[in-house]
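K.L.:
Attaching a predicted model along with its sequence, questions to come.
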Amino acid sequence: MSAANFTQSTVHRPRKVEQTITGIATSDGAGVKLTRVLHGAMQRRLDPFLMLDAFGSDNPDDYIAGFPEHPHRGFETITYMLAGRMRHRDSAGHEGLLESGGVQWMTAGRGVIHSEIPQQKDGVLEGLQLWLNLPAARKMDTPWYRDFPAQEIPEYVTPENVAVRVIAGSSNGVTGAVTREYTEPLYLDIHLPAGATFTTTLSGTHNAFIYVYRGVVKIGDAEIASQRMAVLRNTPDSDGVIVSATKEETRLVLVAGKPLNEPIVQYGPFVMNTRDEIERALSDYSSGNFGA
């Protein structure tokens with residue numbers, strides 16, 4: 001992991017929790033069991049984010065078949081591997097092995113066909129996949145892909161021994177592995193010891209949420225348990241967020257981004273702005289002209 005110096009920010013008007021959400025158990029790919037935490041009903045509220053899936057099991061039957069070849073168009077995928085190994089291959093010629101602590105960032109753009117297959121026969125496979133929308137002007141960009149191994153993710157540790165991994169954006173003076181000017185995503189993985197508190201500034205114009213994957217976190221008067229998402233209230237004069245682990249060691253991700261305020265039309269793995277664009281994506285895919 002890439003250690004970085006940080007400058008502690010001061011938050012005067014922290015955000016509060018608007019609502020908590022329990023994910024929906026489902027399966028995807030070739031039967032991989034997962035929890036869909038962010039889905040279609042929340043896309044407008046959490047614009048520019050489209051989906052968040054949490055997957056994790058120590059039973060190979062739950063994940064071994066992985067996600068065989070499937071298409072995407074019009075958005076970006078960010079896969080964060082908490083444990084285990086996943087092989088990526090796509091029609092643009094990209095290939096990579098995502099391992100524990102690593103991040104895979106893929107811009108589908110005008111179209112890509114890819115597969116994500118676990119590279120293990122036993123042990124724990126655990127991770128998160130986030131879908132980040134692209135603005136209309138960038139939806140037909142050339143596909144792009146990069147793996148960031150664990151050691152390339154900037155990390156800082158606060159005086160309270162809170163370890164923060166900065167996957168995207170900037171927090172307390174530390175810039176993450178990826179930045180995007182049009183959606184300005186912030187993606188932090190935060191590890192809090194019991195009794196510790198973490199503070200970071202956050203633009204009042206950005207939509208934001210947290211997802212707790214270990215322990216229990218407190219934001220204001222709200223307590224968010226493991227496997228729960230909390231949507232943070234949009235308050236015009238808010239300047240950040242304060243989270244505390246009052247009971248036990250806690251791990252969560254904090255995600256925020258600048259809303260695009262554009263129409264969202266989704267059909268499965270295609271996310272565009274109009275129905276006509278979706279029809280074109282389906283036509284391109286069925287005719288074999290997709291992902292070339």
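P.N.:
Received the coordinates, thanks. All of these numbers come straight from a predicted model, not from anything done at the bench.

K.L.:
What is the neighbour count of the closest residue to residue 15 other than its chain neighbours?
P.N.:
Excluding the flanking residues, the one nearest residue 15 by CB to CB, 6 or more residues apart in numbering is residue 232, at 4.3 Å. For glycine as for every other residue, the C-beta is placed from the backbone atoms N, C-alpha and C. Using other CB atoms under 10 Å, residue 232 has 26 neighbouring residues.

K.L.:
repeat for residue 276
P.N.:
Look at residue 276: counted by other CB under 10 Å, it has 10 neighbours.

K.L.:
where does it fall, helix, sheet strand or coil?
P.N.:
helix (DSSP: H, G, I helix; E, B strand; the rest coil).

K.L.:
Then residue 283?
P.N.:
The three-state assignment at residue 283 reads helix, by three-state DSSP.

K.L.:
dump the residue contacts of the residue nearest to residue 15.
P.N.:
With contact set as CB atoms under 8 Å, 6 or more residues apart in numbering, residue 232 has these partners: 15-18, 202, 208-210, 219, 241, 256.

K.L.:
Show me what it bridges to in the sheet.
P.N.:
Per DSSP bridges, the residues bridged to residue 232 are residue 17.

K.L.:
Then residue 32?
P.N.:
Here residue 32 sits in beta bridges with residue 28, as judged by DSSP bridges.

K.L.:
Looking at residue 4 now. What's its pLDDT?
P.N.:
Residue 4 is assigned a pLDDT of 64 by the prediction.

K.L.:
Which stretches in the chain count as helices?
P.N.:
Taking DSSP state H, the helices of the chain run over residues 275-286.

K.L.:
how close does the closest residue to residue 218 other than its chain neighbours get to residue 268?
P.N.:
Closest residue in space to residue 218, ignoring its immediate chain neighbours: residue 244 at 4.7 Å, by CB to CB, 6+ apart. As judged by CB to CB, to the nearest Å, residue 244 and residue 268 stand 39 Å apart.
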